[in-house]
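Colleague: Next one to model:
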Amino acid sequence: MHRKNQILRLKVEDLNNLGFGVAHADGKTVFIADAVDGDEIDARIINVQKNYSVARVETLHTPSPHRENSFCSVRGCGGCAYRAVTYAHELTRKENNVRFAFRKAGLADARIMPVTSTGVTHGYRNKAQYAVAPDKKGMCAAGFYAPKSHRLCDAADCPLQNAAFPPIVKTVLAFCNENGIAPYCEETHSGLLRHIYLRASVSGDVLLTLVVTHPDFKEQKALLSLLNEKHPEIKGVYLNINPEKTNVICTNDYRHLRGDTHLYDTLCGVRLAISPASFYQVNHDAAELLYSKAAALADFKGSESILDLYSGVGSIGLSMAKHVGEVIGVEIVSSATECAKENAKINGIQNALFLCADAGEGEALLRAVRERKGKSYRPDAVILDPPRAGCARELLYTLAREENVPKIVYISCNPDTLARDAKILTDEGYTMSAIYPFDLFPRTGHVESVVCFTRDSN
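Modeller: Residues are numbered from 1 along each chain as shown. Here you go, the predicted model:
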């Protein structure tokens, strides 16, 4: 039986996607923070549960051949699961994570390809949402919350973020501290500034959203003037009003203050207008590789009607529009749907239609499509890019049983739900291609994948 503060001599056997080394002692699994598979360590037990214990490295006796010095000085934010390992080993671990997910789902014969990467591990994120909270002196500090806590880690200089972000964060914080603008305090539900939310384009333009508890503060004009003077890269500024006691960062209440209403970027040759609320891949260059592979797997012949579910601002569907007869996108976020419509116009794409509906509701979304396309409409192919929870079983059954869709291209940010849904589709008679993982989130535990499911439409 393990006990708190007990020291154990361990050989680290594995590394999970949360960045914990995995070892075993006394018939029990031990998860060790900052450990790497191959390390020989003394570990101090810091938490004891019924089926496992959690520990931290007390002494590193023999380092793993996969270990390297951390690239980041921030400790405790938990974002970079692979901060202490070589990038080559990280890619191997991610490939194995995808393989394990498919084995666990009963698809041990699935072919998992090596992870595709741009090779860029720093500064790749085009989106950041910095939490703002009081420091020890009650002043505004920005960073990310430690895992399973609301302890703020000062991570304004996070090396994964776009290089334009830290100076803007520092300007906002300095202004707030000089002008007595209080940070939001969760414990007392007081203060004004909750989050600093930034998006950037490849060209270097930035869209800034300040998440605040109320919209009226007298220093607003002075802050906008300062940002305009010091950061001309900021092309537009919004407020998001969030007065609630909640962990949700942004509400639907966005108020445009200055400049452009959208951020403009180009992905796979398509110019895109992106609103603050719209989903857009955080790693532009890796997303281009992913979407190009999705198009190659789809192998369109030129006349197909494709249904693009969870379509966001239309980035995937519009990038494929020139290869098909028509694109019909479905997205539940109304502002993203409007962006998609605008993006089709910007690019002169006339064979794309975008609807605001719940892509997870199989029968309802098909009814919505048929109201526009006619009762006889049937998609030739479906593109799926759901959130981490994957697809609802009802949607998959609608596509497989009722619509008999010949081809489904599935893009996923979660190997476990992808494997779960792949098992449903293969049980429904689909043939699964190889699974192609892509590293859109270097140094973190996340991995994106794309796979194509096909079957004879008869």
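Colleague: Quickly note the distance from Lys13 to Cys80.
Modeller: Lys isn't right for residue 13; it's Glu. Distance of Glu13 to Cys80, given as CB to CB, to the nearest Å: 21 Å. Where you see a C-beta, it was placed from the backbone N, CA and C, and this is true even at glycine.
Colleague: more crowded one of these two?
Modeller: Of the pair Glu13 and Cys80, Cys80 is the one with more neighbours under other CB atoms under 10 Å, namely 22 against 14.
Colleague: contacting residues around that one?
Modeller: Shown in contact with Cys80 (CB atoms under 8 Å, 6 or more residues apart in numbering): Gly19, Cys72, Leu160, Arg443, Thr444.
Colleague: With His122 instead?
Modeller: Residues near His122 by CB under 8 Å, 6+ apart: Phe71, Pro159, Leu160.
Colleague: Let me know whether the second one touches Ser70 as I believe.
Modeller: No. In terms of CB atoms under 8 Å, Pro159 does not count as a neighbour of Ser70; the distance is 10.1 Å.
Colleague: Just to be sure, Cys339 is in a strand?
Modeller: No. Going by DSSP: H, G, I helix; E, B strand; the rest coil, the assignment for Cys339 is helix, not a strand.
Colleague: Can you tell me the closest non-neighbouring residue to it?
Modeller: Nearest residue to Cys339 in three dimensions, chain neighbours excluded: Val313, at 4.2 Å (CB to CB, 6 or more residues apart in numbering).
Colleague: Pass me the low-pLDDT residue ranges in the chain, would you?
Modeller: 457-458 (pLDDT under 70).
Colleague: Regarding it, what is its longest strand?
Modeller: Longest strand in the chain, counting residues (DSSP state E): strand 52-62.
Colleague: If you count neighbours, what's buried in that one?
Modeller: Ser53, Val54, Ala55, Arg56, Val57 (16 or more other CB atoms under 10 Å).
Colleague: For that strand, enumerate the helices and strands it packs against.
Modeller: Strand 52-62 is packed against strand 7-11, strand 28-33, strand 40-48, with contacts defined by 3 or more CB pairs under 8 Å, 6 or more residues apart in numbering; DSSP states H and E.
Colleague: Check which element follows that strand along the chain.
Modeller: In the C-terminal direction, the helix or strand that comes right after strand 52-62 (DSSP states H and E) is helix 87-104.
Colleague: picking up where we left off before, what's the residue nearest to Cys339 in contact with, if anything?
Modeller: Val313 neighbours (CB under 8 Å, 6+ apart): Leu272, Ala273, Ile274, Ser275, Ser278, Phe279, Tyr280, Ala336, Cys339, Ala340, Asn343.
Colleague: hmm, try it at 10 Å
Modeller: Counting by CB atoms under 10 Å, 6 or more residues apart in numbering, Val313 touches 262, 265, 267, 270, 272-275, 278-280, 329, 331, 333, 335-343, 354.
Colleague: likewise Ser73?
Modeller: Counted by CB under 10 Å, 6+ apart, Ser73 has contacts Asp154, Ala155, Asp157, Pro159.
Colleague: Torsion angles phi and psi at it?
Modeller: In terms of degrees, to the nearest 10, the main-chain angles of Ser73 are phi -90, psi -10.
Colleague: Tell me how far the residue lying closest to Leu267 once chain neighbours are set aside lies from Arg67.
Modeller: Nearest non-adjacent residue to Leu267, counting by CB to CB, 6+ apart: Ser315, 5.3 Å away. Distance of Ser315 to Arg67, computed by CB to CB: 37 Å.
Colleague: Of those two, give the one with the bigger neighbour count.
Modeller: Higher neighbour count among Ser315 and Arg67: Ser315, with 28 against 20, using other CB under 10 Å.
Colleague: Against Cys268, how distant is that one?
Modeller: In this view, Ser315 and Cys268 are 7 Å apart by CB to CB.
Colleague: Skip the chain neighbours and tell me the closest residue to Leu173.
Modeller: Once flanking residues are discounted, Leu173 sits nearest to Cys140: 4.8 Å by CB to CB, 6+ apart.
Colleague: now do Ser449
Modeller: Pro437 (4.8 Å).
Colleague: what about stretch 276-291, how long is it end to end?
Modeller: 22 Å (CA to CA, to the nearest Å).
Colleague: Any idea how far it is from the middle of the chain?
Modeller: 9 Å (CA atoms, centre = their mean, to the nearest Å).
Colleague: So Thr59 is in contact with Arg44, correct?
Modeller: Yes. With contact defined as CB atoms under 10 Å, Thr59 counts as touching Arg44 (9.2 Å).
Colleague: Now for those two: what residues contact both?
Modeller: Common contacts of Thr59 and Arg44 (CB under 10 Å, 6+ apart): Ile7.
Colleague: phi, psi of His320?
Modeller: Actually, residue 320 is Met. It isn't His. Dihedral angles for Met320 - degrees, to the nearest 10 - are phi -100, psi -10.
Colleague: and it, what is it in contact with?
Modeller: 268, 270, 291, 294-295, 298, 300, 304, 306, 308, 327, 352, 381, 383, 409.
Colleague: and which of those residues is nearest to Cys176?
Modeller: Val270 (37.5 Å; CB to CB).
Colleague: Verify the stated contact: the closest one with Ala287.
Modeller: No. With contact defined as CB under 10 Å, Val270 does not reach Ala287; the gap is 11.6 Å.
Colleague: overlap in contacts of those two?
Modeller: By CB under 10 Å, 6+ apart, Val270 and Ala287 have these common neighbours: Ser315, Ile316, Ser319.
Colleague: So for stretch 369-377, what gets flagged as buried?
Modeller: By 16+ other CB under 10 Å, the buried positions in stretch 369-377 come out as Val369, Lys373.
Colleague: can I get the CA coordinates of that stretch in CSV?
Modeller: Output of stretch 369-377 as CSV, limited to C-alpha atoms (Å, rounded to 0.1, in the frame of the first residue of the first chain):
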residue,chain,number,x,y,z
VAL,A,369,-30.8,20.4,-46.3
ARG,A,370,-33.7,18.9,-48.3
GLU,A,371,-35.8,22.0,-47.6
ARG,A,372,-33.2,23.8,-49.7
LYS,A,373,-32.2,21.1,-52.2
GLY,A,374,-35.3,19.1,-52.6
LYS,A,375,-36.7,15.9,-51.1
SER,A,376,-34.7,13.6,-53.4
TYR,A,377,-31.3,15.0,-52.3
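Colleague: List the contacts of it.
Modeller: Residues outside stretch 369-377 that contact it (CB under 10 Å, 6+ apart) are 305, 307, 326, 328, 330, 353, 355, 357, 366-367, 378-379, 403.
Colleague: Tell me the gap between that stretch and the middle of its chain.
Modeller: Mean-position distance between stretch 369-377 and its chain equals 33 Å (CA atoms, centre = their mean).
Colleague: ok now do the closest residue in space to Glu304 that isn't next to it in sequence, which residues does it touch?
Modeller: Distances taken as CB to CB, 6+ apart place Asp380 nearest to Glu304, at 3.8 Å, with adjacent residues excluded. Counting by CB under 10 Å, 6+ apart, Asp380 makes contact with 300-301, 303-307, 324-326, 405-407, 457.
Colleague: same question, Val211
Modeller: By CB under 10 Å, 6+ apart, Val211 lies in contact with 129-132, 184, 192-197, 238-242, 248-251, 254, 276.
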